[in-house]
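**Q** below is the structure, and that's it, no one-letter string:
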């Protein structure tokens, strides 16, 4: 925060403690000990007695504790505190302790192949826990995905399904993008390409419109989806001949994707998990696929 805001926070905090102490002192002694006060509420009368000693000193000790806490920990604006504590230091210390405790457990699986890990129940249990904590929010607890999020249990893996492909996806993340062709193709062009895509999967389509759509496809789409429309792993371009599509396969959704394009991002987990954990989780992801069932 700025120096001015830091000063305001510091003065406000210390002034609050001072006001609390002054109020405490003002109520320490009574003007007429043992006598009733002049006011009455709902038939309840109050004696003019001082605060009990234990109550008074409890408040004093609380204020002293607060001052000590603010001196040791960062609580007064930009003042870092004499203890040198930061949330980052605490996190790093916790990570170090966790690494010392759990590191050997992950290390024992480092040299095992992913196929071996798939057959190791303990490793798969660990992999599932990591998957649920890090991946389920997008891919679902069972890995079946949803609209816009890949299903990891079918045979369609746009970025490849080899052991190396899976590890790379988790380690480095993925950035996928399809350009919006609406302005270039126009409504008629979008409709024609939609008919062609439907024709590719054997669905009923207007043949004349599909022929026009193929001409557009060869110009604008073939570079990513390939001459046979079966997609290309290097671009993360999906196979358009199997209807296992990330954003749905209805005619309306196909047209919407062509017109408006799509963009998708999977974050990198390299810094968060590290290679040993990624190796185990990649094996778990592999076990979700149909090929390993």
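**A** Alright, I've got the coordinates. Computed from a predicted model, the values in this text were never measured in an experiment.
**Q** all contacts plus neighbour counts: C-alpha atoms, from now on.
**A** OK.
**Q** just checking, what packs against the helix-or-strand element of the chain with minimal mean pLDDT?
**A** In the chain, no helix or strand scores lower on mean pLDDT, DSSP states H and E than strand 36-41, which sits at a mean of 81. Judged by 3 or more CA pairs under 8 Å, 6 or more residues apart in numbering; DSSP states H and E, the packing partners of strand 36-41 are strand 44-47.
**Q** what sits up against the strand it packs on?
**A** 33-37, 39-40 (CA atoms under 8 Å, 6 or more residues apart in numbering).
**Q** which residues touch residue 56?
**A** Residue 56 neighbours (CA under 8 Å, 6+ apart): 24, 28.
**Q** same deal with residue 34?
**A** Contacts of residue 34 by CA under 8 Å, 6+ apart are 47-49.
**Q** which of the three states applies to it?
**A** With DSSP: H, G, I helix; E, B strand; the rest coil as the basis, residue 34 sits in coil.
**Q** mind checking pLDDT for it?
**A** Residue 34 is assigned a predicted lDDT (pLDDT) of 75.
**Q** phi, psi of it?
**A** phi 80, psi -10 (degrees, to the nearest 10).
**Q** tell me how many other residues crowd residue 105.
**A** 13 (other CA atoms under 10 Å).
**Q** state the distance from it to residue 258.
**A** Applying CA to CA, to the nearest Å, the value for residue 105 to residue 258 is 48 Å.
**Q** where does residue 48 land on pLDDT?
**A** 79.
**Q** residues near it, how many?
**A** 16.
**Q** what do you get for the one 5 residues further on?
**A** The burial count assigned to residue 53 is 9, neighbours taken as other CA under 10 Å.
**Q** do a quick rundown of the helices in the stretch 1-150 of the chain.
**A** Counting by DSSP state H, counting those that start in this stretch, the stretch 1-150 of the chain has helices at residues 3-26, 53-72, 87-107, 114-118, 121-134, 136-139.
**Q** in the fourth one, what's buried?
**A** If you call a residue buried by 16 or more other CA atoms under 10 Å, then helix 114-118 has these buried ones: 114, 117-118.
**Q** rewinding a little: could you identify which of the helices of the stretch 1-150 of the chain has the lowest mean pLDDT?
**A** helix 87-107 (a mean of 88).
**Q** now that helix, how far from the centre of its chain.
**A** Here the centre of mass of C-alpha atoms in helix 87-107, compared against the chain's by CA atoms, centre = their mean, to the nearest Å, lies 21 Å away.
**Q** other SSEs contacting it?
**A** Other elements packing on helix 87-107 under the criterion 3+ CA pairs under 8 Å, 6+ apart are helix 270-288.
**Q** how far does the helix it packs on sit from the chain's center?
**A** Helix 270-288 sits 16 Å away from the centroid of its parent chain (CA atoms, centre = their mean).
**Q** how much space separates the residue lying farthest from the centre of the chain from residue 26?
**A** Distance to the chain centre peaks in the chain at residue 35, reaching 63.7 Å (criterion: CA atoms, centre = their mean). Distance, residue 35 to residue 26, by CA to CA: 18 Å.
**Q** so what touches the least confident helix or strand of the chain?
**A** Contacts of strand 36-41 (CA under 8 Å, 6+ apart): 45-48.
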